[in-house]
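Undergrad: fold the following.
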Amino acid sequence: MQEQKQSYRWIIAPIIYSGAIMMALIWNSIGPMMLTIIEELQISFTKAGLLSGVVAFVLGIFAFISGSIAGRIGLKITTCTGITVMAIGCIISGLTSEYMVMMSGRIIFAVGAGLFFPMLGAIIMQWFYGNELLIVNSINFSGSAVGAAVGLAITVPIMIAFGWRPTLIIYGSVCGVIAILSWIFLKDRQPDQVILEEKSLSEITYEMTATEVFKLKETWLLSFAFAAPVSVSVVLPTFLPAYYVQMRGMSMTVASYWVSVVFLIGIPAAILGGIMGVKAGLRKPFLIFNGLMLGVGVLGAVLFSGTISILFLIFAGIGLLFYTGIFFTIPMELKGMTPKTTGFMIGIITCIGMQFGFIAPIIVGWIEAITGSLKGGLLFYGFFGFLMAILPIFIEETGPNAKKGRI
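TA: Presented below is the predicted three-dimensional model:
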């Protein structure tokens, strides 16, 4: 029986990973479509940016709801519902050229993404543990890089062949297939069973309540630290291709390929971060390093041109996703955490971080309207990226090699 449980988790993980890929692909596909949408719908950069930013806003709210209800209705139902709603929203957004209908589809997609996102960690926590958990988390959260990179690379060719609206319908249909597979194959594993089988008695002296999670300083420090990469992850694919087209004379295809470097580098960076976290047995130093790379990378990618800017895009890619496995393992390692309370904490973190992601394109669009250039807004979020380096200094070290719980 135990052997069956151990093998079945390798069915669970690929489905969750595929859902993460499609969530990021659909979200970031707006960037390569940006100038086309602006021209066809006759809207401003601010309104076009909201098609991406609103996802962060709604995702954040429903991530909190997801973390709150998953313990009652089950992680499987929450996860499968999230992927299904993502697919429906994406298809709706591609059915018409009316801005408000497209916005409605993006909001529906974001509701599904919000339900699904906290489950990336929570449902995996039911089936994996120890160093294995950190590695699988790193791989799963690298799915966001895979999705973003693939979306930036293939959206323009598909859009040229079929149009931007059919492209969204195609993406939604693929997500729908993953939703069907999730309803068929995902299943819950009882949290109490996981605790008894996988954790030592010293680790379960008590179970933290939702109220305690809400009051925990790590919840809020991690939330505002998370705001930095979330904001950058919204701003870069949404505006950087257009900035390169306008300021450097690139075609949208080439500009999108350049920006996809960020996410292509993020894929091995996320996995490498997990491996290094396992070997070091520490968490905080990697988050600090991550924030430094994020800020420097974005600033350099905006300020420099030519080959040197590729180097800074690589730095930005490391900073955008290197932290993910380590970051989302920290809530799981805090004393008294279970899959249910982990989902709740990740829901809060996601909610707060995503609100900053929602505001980000509005700020960039507002600065562009005043200055006539996207440069000022992009530089602002380069400096904002350093939050990931500063705030983790004050959290408790949860790694196994921490001395007396702190470094």
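Undergrad: residues contacting Phe45?
TA: Under the criterion of CB atoms under 8 Å, 6 or more residues apart in numbering, the neighbours of Phe45 are 34, 38, 239, 242, 364-365, 368-369, 374. All C-beta atoms are positioned from the backbone trio N, CA, C, and that covers glycine.
Undergrad: redo that, cut-off 6 Å
TA: 365, 368 (CB atoms under 6 Å, 6 or more residues apart in numbering).
Undergrad: and the gap between it and Gln246?
TA: Using CB to CB, to the nearest Å, one obtains 10 Å as the distance from Phe45 to Gln246.
Undergrad: what residues sit buried inside stretch 253-263?
TA: Using 16 or more other CB atoms under 10 Å as the burial criterion, the residues of stretch 253-263 that qualify are 253, 255-263.
Undergrad: err, stretch 327-339, not the other one
TA: For stretch 327-339, the neighbour count (16+ other CB under 10 Å) marks 327-334, 337-339 as buried.
Undergrad: quick one: average confidence on it?
TA: Stretch 327-339 carries an average pLDDT of 81.
Undergrad: ok, now stretch 371-378?
TA: Here the mean pLDDT over stretch 371-378 is 93, rounded to a whole number.
Undergrad: same check on stretch 109-117?
TA: When pLDDT is averaged along stretch 109-117, the result is 93.
Undergrad: off-centre distance for it?
TA: Stretch 109-117 has its average C-alpha position 11 Å from the chain's average C-alpha position, going by CA atoms, centre = their mean, to the nearest Å.
Undergrad: what sits up against it?
TA: The contact list for stretch 109-117 (CB under 6 Å, 6+ apart) reads 19, 23, 55, 58-59, 62-63, 66, 78, 81-83, 85-86, 89-90, 350.
Undergrad: how about that stretch as PDB, C-alpha atoms only?
TA: Below are the C-alpha coordinates for stretch 109-117, written out as PDB (Å, rounded to 0.1, in the frame of the first residue of the first chain):
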ATOM      1  CA  PHE A 109      -9.000  33.200 -15.900                       C
ATOM      2  CA  ALA A 110      -7.600  35.000 -12.800                       C
ATOM      3  CA  VAL A 111     -10.200  33.500 -10.500                       C
ATOM      4  CA  GLY A 112      -9.100  30.000 -11.700                       C
ATOM      5  CA  ALA A 113      -5.400  30.900 -11.400                       C
ATOM      6  CA  GLY A 114      -6.100  32.200  -7.800                       C
ATOM      7  CA  LEU A 115      -7.700  28.900  -6.800                       C
ATOM      8  CA  PHE A 116      -4.900  26.900  -8.400                       C
ATOM      9  CA  PHE A 117      -1.800  28.800  -7.400                       C
END
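Undergrad: any stretches of the stretch 101-250 of the chain with poor pLDDT?
TA: When the per-residue scores of the stretch 101-250 of the chain are filtered using pLDDT under 70, the ranges that remain are 130-131, 190-206.
Undergrad: all helices of it, in order?
TA: In chain order, the stretch 101-250 of the chain shows helices spanning 119-127, 130-162, 164-185, 191-198, 210-215, 217-248, with DSSP state H, counting those that start in this stretch as the criterion.
Undergrad: tell me which of those helices sits most buried.
TA: Taking mean count of other CB atoms under 10 Å as the contact definition, the stretch among those with the greatest mean neighbour count is helix 119-127, which reaches a mean of 27.
Undergrad: need the contact list for Ile349.
TA: If you count contacts by CB under 6 Å, 6+ apart, Ile349 has them with 222-223, 226.
Undergrad: could you count how many residues lie near Ile288?
TA: Ile288: 16 surrounding residues under other CB atoms under 10 Å.
Undergrad: that'll do, ta.
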